[in-house]
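*Asks:* only geometry, no sequence info:
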């Protein structure tokens, strides 16, 4: 398993995570505040990592996210394929990588919007340092993460190593489209990423 995870992370390094976000609305999605967009020190995890288990649900109380998780893989161009666009309240995790809560860097991703309006991570850029993300797992446990920083990255300057790079601790990256909208290309210019680390575990309610 460790070799498979390492290979998957190496595959992701150097690749830009691009989504099919092409639907700007009257109110654009929130972007991280300037202070949070600046590079900062990500705190080491303060809770031991959990055993491997499949994540099944993600909760972000401060932005009212309560979404099921599906497994994501790489597409033909070796980019992380997004969840099906038709289901606005569906997020995904990189199933060939680290499960959330296990030591390493786990990836959760979802759409910012679709043809019908805002989607699951529309408000990701509104998160603040210290907000929490909870991931329910198939072992009956919930991994509780605390956000260290929320940043926006242009697609042409996407820091793959910083986002996808391995960690000795249980860390989480939650990713969606953002960084402004290119009206000529009719797509978002990059991505918004929430960086978080494991701070607690509990039995799933």
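*Replies:* Perfect, I can see it now. If you're wondering where the values come from, they're calculated on a predicted model, not measured in any experiment.
*Asks:* show me what contacts residue 173?
*Replies:* Residue 173 makes contact with 105-108, 163-164, 193-196, according to Cβ atoms under 8 Å, 6 or more residues apart in numbering. For every residue, glycine as well, the C-beta is placed using N, CA and C.
*Asks:* and with 7 Å instead?
*Replies:* By Cβ atoms under 7 Å, 6 or more residues apart in numbering, the contact list for residue 173 reads 105, 107, 163, 193, 195.
*Asks:* measure the fourth one to residue 149 for me?
*Replies:* Pointing back at residue 193 there. For residue 193, the distance to residue 149 equals 9 Å [Cβ to Cβ, to the nearest Å].
*Asks:* what does the last one give?
*Replies:* For residue 195, the distance to residue 149 equals 5 Å [Cβ to Cβ].
*Asks:* surely residue 81 meets residue 71?
*Replies:* No - contact between residue 81 and residue 71 fails when scored by Cβ atoms under 7 Å: they sit 10.2 Å apart.
*Asks:* please enumerate the helices of the protein.
*Replies:* Using DSSP state H, the helices of the chain run over residues 2-12, 34-37, 160-164.
*Asks:* quick one: buried residues of the longest strand anywhere in the chain?
*Replies:* Across the chain, the strand with the greatest residue count (assigned by DSSP state E) is strand 187-203. Buried residues in strand 187-203, counted by 16 or more other Cβ atoms under 10 Å: 187-198, 201.
*Asks:* could you give the mean pLDDT of that strand?
*Replies:* In this model, strand 187-203 has a mean pLDDT of 89.
*Asks:* that strand packs against which elements?
*Replies:* strand 141-154, strand 170-182 (3 or more Cβ pairs under 7 Å, 6 or more residues apart in numbering; DSSP states H and E).
*Asks:* distance to residue 125 and mean pLDDT added to those, as a markdown table?
*Replies:* Below are those laid out as a markdown table (distance: least, Cβ to Cβ, whole Å; pLDDT from 0 to 100):
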| stretch | distance to residue 125 | mean pLDDT |
| --- | --- | --- |
| strand 141-154 | 7 | 92 |
| strand 170-182 | 6 | 81 |
